[in-house]
Every structure is written in structure tokens, then in C-alpha cells.
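*Asks:* This is a predicted model, with the sequence first.
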Amino acid sequence: MPRLWRVRPTLCQNAGVDLLNKFPIISDQVTKAELGVVLAELQKVLQARTIGDVVELGCYVGTTSLFLQRLLHGVNKTLHVYDSFQGLPAKTAADQSAIGTQYVAGELAATKAQFIANFRKARLPLPVMHKGWFSELKPADLPVNICFAYLDGDFYDSIKDSLALVWPRLSPGATIVVDDYQHDALPGTRKAVDEWLKLHPASLRVQQSLAIIRPK
């Protein structure tokens with residue numbers, strides 16, 4: 001039987017904007033404009049009553065996770081987050097960029113304890129946390145049904161692995177948002193998405209630096 005859930009009555013049309021105006025962004029890895037797009041796309045899924053839970057692959061210190069959890073308040077859906085908590089993996093040839101030399105293995109490392117502390121400080125319930133490299137994750141580590149997936153893996157292999165994990169679990173009407181699609185310092189993200197789209201029936205819309213993907 002499909003999972004029953006309810007939409008919070010106060011989930012107004014501008015709920016994401018209201019949250020961004022009320023709460024701080026705790027890192028510089030995502031902009032207010034980008035977060036606005038992510039929350040607007042999640043809100044569309046919630047209003048459409050799409051079956052499934054929410055996943056975020058690549059959560060760092062929890063900047064986006066906090067806002068996803070806030071928007072999910074009062075909705076019978078679970079947020080799952082995935083991260084190695086060891087920073088970036090090693091680059092492949094697809095990730096090389098003359099302006100991306102700062103993105104090296106181990107960069108952007110944040111501990112699981114830091115992530116938890118940020119949720120405690122915000123007085124929000126913790127999401128379901130999964131520690132490990134995306135290549136190590138198994139299908140059983142993901143919800144049976146996914147309504148919304150936010151992928152922030154930065155590099156080619158991480159995005160390729162993330163797409164392969166979430167695609168079989170997407171519910172009809174689900175949405176994938178990929179960060180850094182238009183980020184010249186992280187060319188592997190776009191390469192992974194473009195290759196994947198050639199093999200899967202889905203539409204692509206680009207807003208800010210984000211790729212918004214909807215299965216057909």
C-alpha cells in the first residue's frame with residue numbers, strides 16, 4: 001500500500017522564501033538564490049503529493065539539509081542524507097579544470113559530529129544519516145520510493161554514482177536537482193549529467209547553477 005502522508009496546511013506558495021528570510025545560511029557552498037530554487041522544486045513535489053521520501057547525496061555541514069528539513073516540517077516524509085564526511089574524493093580526468101585547482105581530495109571535509117551539532121543548534125530533528133562514499137552505497141541504503149533527490153557530489157564519479165542510485169527508486173512525478181551543473185571549476189558534474197541524460201528518458205531545465213531533472 002502506498003505510504004499515506006499529509007501536506008502541512010501552512011505550506012504556502014512562498015514557504016521556501018519565508019524560510020530563507022528567517023534562517024541563516026551557515027556555509028558559503030550554496031547561495032540564497034540556489035537554495036531558493038531547491039526549496040521551490042521540493043515544494044512542487046510536496047504539493048503534487050508525490051509518493052516517497054527525500055534524499056540528499058553530499059550534505060557537507062548541513063546547510064541545505066537544514067532547509068530541506070524545515071520545509072518538510074509537518075509532512076509525513078523522511079529526509080535521508082549521505083556523505084563520506086571525509087571531504088572530496090580524488091579527481092578523475094573528467095574533473096580537471098584550470099580554475100578548479102582548489103578542489104582537491106579531502107577538501108570540504110566536515111565531520112558527522114559537526115553536521116549533528118548544526119541540527120541540534122537549529123533545534124531540528126536529525127535526518128536519517130548514512131556515512132560512506134557513494135560508490136559504496138547499496139540500493140537498500142536508499143528509501144524504497146524517492147520523491148525528491150538533491151545531488152551535490154561535485155565530481156564526475158560522485159554524480160554518476162548518485163544518479164545510478166536514485167534513478168530506480170524515483171516515484172512518478174519525482175524531481176532530481178543536481179548542484180554545480182554550470183560550475184566551470186567542476187566540469188565533471190555537467191559531463192556526468194549530460195552522459196546520463198543520453199541514456200535515460202528525462203527532461204532537463206537549468207536554473208542558477210542547478211540542473212533540474214524530471215523523468216518522463
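*Replies:* In hand now; what should we look at?

*Asks:* In this protein, mark out all the strands, start to finish.
*Replies:* For the chain, strands defined by DSSP state E occupy the ranges 53-57, 79-83, 128-131, 146-151, 170-178, 202-207, 210-215.

*Asks:* and the ones you listed as JSON lines, adding mean pLDDT and distance to D18?
*Replies:* Placement of C-beta: from N, CA and C, glycine included. Below are the strands of the chain laid out as JSON lines (pLDDT from 0 to 100; distance: least, CB to CB, whole Å):
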{"stretch": "strand 53-57", "mean pLDDT": "98", "distance to D18": "19"}
{"stretch": "strand 79-83", "mean pLDDT": "97", "distance to D18": "19"}
{"stretch": "strand 128-131", "mean pLDDT": "96", "distance to D18": "26"}
{"stretch": "strand 146-151", "mean pLDDT": "98", "distance to D18": "19"}
{"stretch": "strand 170-178", "mean pLDDT": "98", "distance to D18": "20"}
{"stretch": "strand 202-207", "mean pLDDT": "97", "distance to D18": "20"}
{"stretch": "strand 210-215", "mean pLDDT": "97", "distance to D18": "20"}
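
*Asks:* Is it possible to get a markdown table of those strands that adds distance to A93?
*Replies:* Compiled in a markdown table, those are given as follows (distance: least, CB to CB, whole Å):
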| stretch | distance to A93 |
| --- | --- |
| strand 53-57 | 22 |
| strand 79-83 | 24 |
| strand 128-131 | 28 |
| strand 146-151 | 21 |
| strand 170-178 | 20 |
| strand 202-207 | 24 |
| strand 210-215 | 21 |
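
*Asks:* Need these in a markdown table (columns: distance to T101 and mean neighbour count).
*Replies:* Output for these, formatted as a markdown table (distance: least, CB to CB, whole Å; neighbours: other CB atoms under 10 Å):
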| stretch | distance to T101 | mean neighbour count |
| --- | --- | --- |
| strand 53-57 | 24 | 26 |
| strand 79-83 | 23 | 24 |
| strand 128-131 | 28 | 15 |
| strand 146-151 | 23 | 27 |
| strand 170-178 | 22 | 20 |
| strand 202-207 | 25 | 13 |
| strand 210-215 | 23 | 20 |
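
*Asks:* can you give me the helices for the protein?
*Replies:* 15-22, 32-47, 63-71, 112-122, 156-166, 187-197 (DSSP state H).

*Asks:* nearest to K77, of the ones you listed?
*Replies:* Smallest distance to K77 across these (CB to CB): 7.7 Å, for helix 32-47.

*Asks:* as a whole number, average confidence for the closest one?
*Replies:* Confidence for helix 32-47, expressed as mean pLDDT, is 96.

*Asks:* quick one: buried residues of that helix?
*Replies:* E34, L35, G36, V37, V38, L39, A40, E41, L42, Q43, V45, L46 (16 or more other CB atoms under 10 Å).

*Asks:* re the thing from before, which stretch in the helices of the chain has the least confidence?
*Replies:* helix 15-22 (a mean of 92).

*Asks:* Thanks a lot, see you next time.
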